[in-house]
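Visitor: no sequence on this one, just coordinates:
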């Protein structure tokens, strides 16, 4: 008798958990800003590679060049789902590329 009670309780719990689950929502296209550090001599190539991959989907971007540190920082806005492709392309093409923070843009 006790097992029957536990079975009905289990059924009740799983049914109530299912009812409380949040509805599935399609993923939104979130925009992020990715920071990439390269040698200044490679900054233009990095920008061209990203532009070739992303095309018009490449948002606002800037390049800061620090001559003292011999470092160029690219700040690129792109769709979050494209970040792995962009990183893979830059790693293959510019092995010295370093990646900074990828942050969500409101």
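Guide: That came through, no problem. For clarity, every value in this text was computed on a predicted model and none was experimentally measured.

Visitor: how about the strands in the protein?
Guide: 31-38, 61-66, 71-79, 98-104 (DSSP state E).

Visitor: Quick check: which of those strands is nearest to residue 90?
Guide: Distance to residue 90, taken as Cβ to Cβ, is lowest for strand 31-38 among the strands of the chain, at 6.2 Å. The C-beta positions use only the backbone N, C-alpha and C, and glycine is treated the same way.

Visitor: what angle sits between the closest one and strand 71-79?
Guide: Computed with axes from the mean of the first three to the mean of the last three Cα atoms, to 10 degrees, the direction of strand 31-38 lies at 160 degrees from that of strand 71-79.

Visitor: Could you list the buried residues of strand 31-38?
Guide: 32-34, 36-38 (16 or more other Cβ atoms under 10 Å).

Visitor: what residue ranges in the chain score low on pLDDT?
Guide: 1-28 (pLDDT under 70).

Visitor: so residue 97 makes contact with residue 88?
Guide: No. With contact defined as Cβ atoms under 8 Å, residue 97 does not count as touching residue 88 (10.7 Å).

Visitor: re earlier: can I get the strands of the chain in a markdown table including distance to residue 49?
Guide: What follows is those, written out as a markdown table (distance: least, Cβ to Cβ, whole Å):
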| stretch | distance to residue 49 |
| --- | --- |
| strand 31-38 | 10 |
| strand 61-66 | 12 |
| strand 71-79 | 10 |
| strand 98-104 | 14 |
